[in-house]
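> No sequence on hand, only this structure:
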């Protein structure tokens, strides 16, 4: 069943599990699923444990520490799938690393999505052990889709974060704007990106980010695709836009470089040609799909 | 300058302020703006204080309590605009109420957007005085676009929440699905909605919500529009979809009713006709725009 990630699928989407929302708020139903038949996702910290066939590995609930919190990921057929919230992740800020990228490349699209969703949720629990409203401890609730404050004066309910991020192509006379963040590997260029802020639409966030990072004014922002991105909890929202004035002013705190690239240059980079002007974003990244979409227009 | 909210604009979008992101991370520049020329948005709790001309009212920084935290909203021309994080909001969960809706109806589109963004941010600060990772106190940073943990062992940085929510029309043979939540006023129907969860795309969230709430399987999910919704911190993402099988199974914990409505029924309701089969969502709601968009297709 092993297969390399299908590059036509958006990575981290398409999990095969039924999230079975109705079970989360039914403690008896949830309890009934937590028996010897239930499966526990094996994780090494936040990283996946992958078997020789290139698949996620699963144990049983007895593999979990006796005092651990368990997150209900969903149903695979009749089997309930869980993940353990490991105490020693409390300091994690969930950076990705080359070993993790290599491990994830072995997974097929469904398994990568299952892993990504589990990772985001486990990481959120590990970093939200206390109530942001009153500082008291919190406990896992609703199968891991909520945490509740333990202070009787507060009782605040907290929900997993999903942070919307816009990532965008800007087009001018057949060329697209791509930039280099300081942390990128050499010669890598990708689409500009930034978090959506309170008080703005997706389209306004796109326009603001491009103006902040590259000094461009854009028009006709359109939605292209979205992607869950579990580092640690983003929802990538990929958009396309146009500008009438291509004069770039780079915000050097955000970008090392930004420039315009022709269709031919993007084709060559996406083909992995070593002579290409730049190295394209990898298939995991929604920016890869955004460029592919643009070439197909 | 007073004007009623333009129903062709998506409510809470189109704020006239320049967010001036570069100033947030420049303490000297921020400090220089915090003088007698700066403006302080007047709020009554989280509600706007509106003058007889139907505009937001602004004071100066000297109106703020001496120990209060100030959020930098952005620049209006050369004037820096701030809002005060009021201590007594700590218990707030920011429900909307009829008095608030009436007050907001007096504001023009730009002012409504400025108010909405300020409300979301002030409310977030009031409900995030403690570090979710370690339980220590947090302090406002970067002009209010961040809170930092005060524990030297932790030093976690926290960012304002923006929670993506899908809201969607389902279409079948020229009719659309609308539902009634238990909290709705009598005869009001609107589009179904639900939060995007970790590990799913916008399109997957739409399909899951419709299946959970109405038992329908949808295809061809497409993005229509987005809206910031400051109750307390949502990003509404409006979508359209199709189903081939219109047999509805309602989740009675989420909806009182759900049914199919013809184009003529939607036209009549959107016109505010008292004889209409239902009362349409109000112009503030992105569901209103979604129905308007659908009628124009």
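Nice, I can see it. In this text the structure is predicted, and so the values were computed from the model without any measurement.
> rest of the way, CA atoms for contacts and neighbours
Will do.
> need the residues of the stretch 51-200 of chain A near chain B, please.
A:90-91, A:113-114, A:116-118, A:120-121, A:126-137, A:154, A:160-164, A:196-200 (C-alpha under 8 Å from any C-alpha of the partner chain).
> quick one: which of these sit in helices?
With DSSP state H as the criterion, helices contain A:113-114, A:116-118, A:120-121, A:126 from among these.
> care to break chain A down by domain?
As assigned by automatic domain parsing, chain A contains the domains A:1-127, A:129-160, A:162-296.
> distance between the longest one and the chain's centre?
A distance of 16 Å separates the C-alpha centroid of domain A:162-296 from that of its chain, computed with C-alpha atoms, centre = their mean, to the nearest Å.
> average pLDDT for that domain?
Domain A:162-296 shows an average pLDDT of 97 in the prediction.
> And residue A:149, how close does it get to chain B?
Relative to chain B, residue A:149 is positioned 11 Å away (C-alpha to the nearest C-alpha, to the nearest Å).
> list the contacts for the closest residue to that residue other than its chain neighbours?
Ranked by C-alpha to C-alpha, 6 or more residues apart in numbering or on different chains and with sequence neighbours excluded, the top spatial neighbour of residue A:149 is residue A:138, at 4.3 Å. The contact partners of residue A:138, by C-alpha atoms under 8 Å, 6 or more residues apart in numbering or on different chains, come to A:128-131, A:147-150.
> per-residue pLDDT, residue A:138?
What the model reports as pLDDT for residue A:138 is 97.
> Isn't residue A:139 up against residue A:149?
Yes - at 6.6 Å, residue A:139 counts as touching residue A:149 under the criterion of C-alpha atoms under 8 Å.
> Check chain A and tell me which residue is nearest its centre.
The residue lying closest to the centre of chain A (C-alpha atoms, centre = their mean) is residue A:229, at 0.6 Å.
> bridging residues for that residue?
On the basis of DSSP bridges, residue A:229 is bridged to residue A:234.
> returning to what we had before: of the ones in helices among the residues of the stretch 51-200 of chain A next to chain B, just say which sits nearest to chain B.
Nearest to chain B among those: residue A:117, at 3.8 Å, using C-alpha to the nearest C-alpha.
> mind checking how far the nearest residue to that closest one once chain neighbours are set aside is from residue B:13?
In space, and not counting its chain neighbours, residue A:117 is closest to residue B:199: 3.8 Å by C-alpha to C-alpha, 6+ apart. Note on residue B:199: its distance to residue B:13, by C-alpha to C-alpha, to the nearest Å, is 28 Å.
> the more surrounded of the two?
A side-by-side neighbour count of residue B:199 and residue B:13, using other C-alpha atoms under 10 Å in any protein chain shown, places residue B:199 first with 29 against 25.
> Any of the ones in helices among the residues of the stretch 51-200 of chain A next to chain B buried? List them.
Neighbour counting over these (16 or more other C-alpha atoms under 10 Å in any protein chain shown) leaves A:113-114, A:116-118, A:120-121, A:126 as the buried ones.
> In stretch A:17-37, which residues are buried?
A:17, A:19, A:21, A:23-24, A:30, A:33-34.
> Among the residues you listed, which ones lie close to chain B?
residue A:21.
> Find out how far stretch A:37-44 is from the centre of the chain, if you would.
Here stretch A:37-44 is found 21 Å from its chain centre; the criterion is C-alpha atoms, centre = their mean.
> can you tell me the distance between the two ends of stretch A:237-250?
Using C-alpha to C-alpha, the span of stretch A:237-250 from its first residue to its last is 22 Å.
> which outside residues touch it?
Residues outside stretch A:237-250 that contact it (C-alpha under 8 Å, 6+ apart): A:164-172, A:206, A:213-227, A:256-259, A:286-287, A:290.
> For residue A:77, see how far away the spatially closest residue to residue A:142 that is not a sequence neighbour is.
Of all residues not flanking residue A:142 in the chain, residue A:24 sits nearest, at 4.7 Å (C-alpha to C-alpha, 6+ apart). From residue A:24 over to residue A:77 the distance is 17 Å, taken as C-alpha to C-alpha.
> Thanks a lot, catch you later.
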